[in-house]
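Peer 1: A structural model of the following input is requested.
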Amino acid sequence: MFRLFGIIYALAGPTLAGIIITAALTMNKFDTMTMIYSAAIGFVVAVPIAWIIAKQINENA
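Peer 2: The predicted structure is shown next:
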């Protein structure tokens, strides 16, 4: 399951980071620290999401 988690995380992490960075740019937050925090939050939030998705796929396969 850890291998599946890694694959899903590799897709979900950058996707969520990009979404949150886009949201920050939409709110006119153009400073560097906001971009770093947004990317970090995206990668951290992706961990439980990837774990839950990998668990569901593993149980239903």
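Peer 1: and Phe30, which of the three is it?
Peer 2: coil (DSSP: H, G, I helix; E, B strand; the rest coil).
Peer 1: now it: how far from Thr22?
Peer 2: Phe30 sits 13 Å away from Thr22, going by CB to CB, to the nearest Å. Backbone N, C-alpha and C define where each C-beta goes, glycine included.
Peer 1: now do Glu59
Peer 2: Separation of Glu59 from Thr22 (CB to CB): 33 Å.
Peer 1: try Ile7
Peer 2: Relative to Thr22, Ile7 is positioned 24 Å away (criterion: CB to CB).
Peer 1: which residue lies farthest from the center of the protein?
Peer 2: Distance from the C-alpha centroid of the chain peaks at Ala61, with 23.8 Å (CA atoms, centre = their mean).
Peer 1: Please work out the average pLDDT along stretch 13-28.
Peer 2: For stretch 13-28, mean pLDDT rounds to 97.
Peer 1: in it, what's buried?
Peer 2: Going by neighbour count (16 or more other CB atoms under 10 Å), the buried part of stretch 13-28 is Gly13, Leu16, Ala17, Ile20, Ile21, Ala24.
Peer 1: Now do the contacts for the residue nearest to the last one when sequence neighbours are not counted.
Peer 2: If I follow you right, that is Ala24. Take Ala24 and drop its neighbours on the chain: the residue closest to it by CB to CB, 6 or more residues apart in numbering is Ser38, 4.7 Å away. Taking CB atoms under 8 Å, 6 or more residues apart in numbering, we find Ser38 in contact with Ala17, Ile20, Ile21, Ala23, Ala24.
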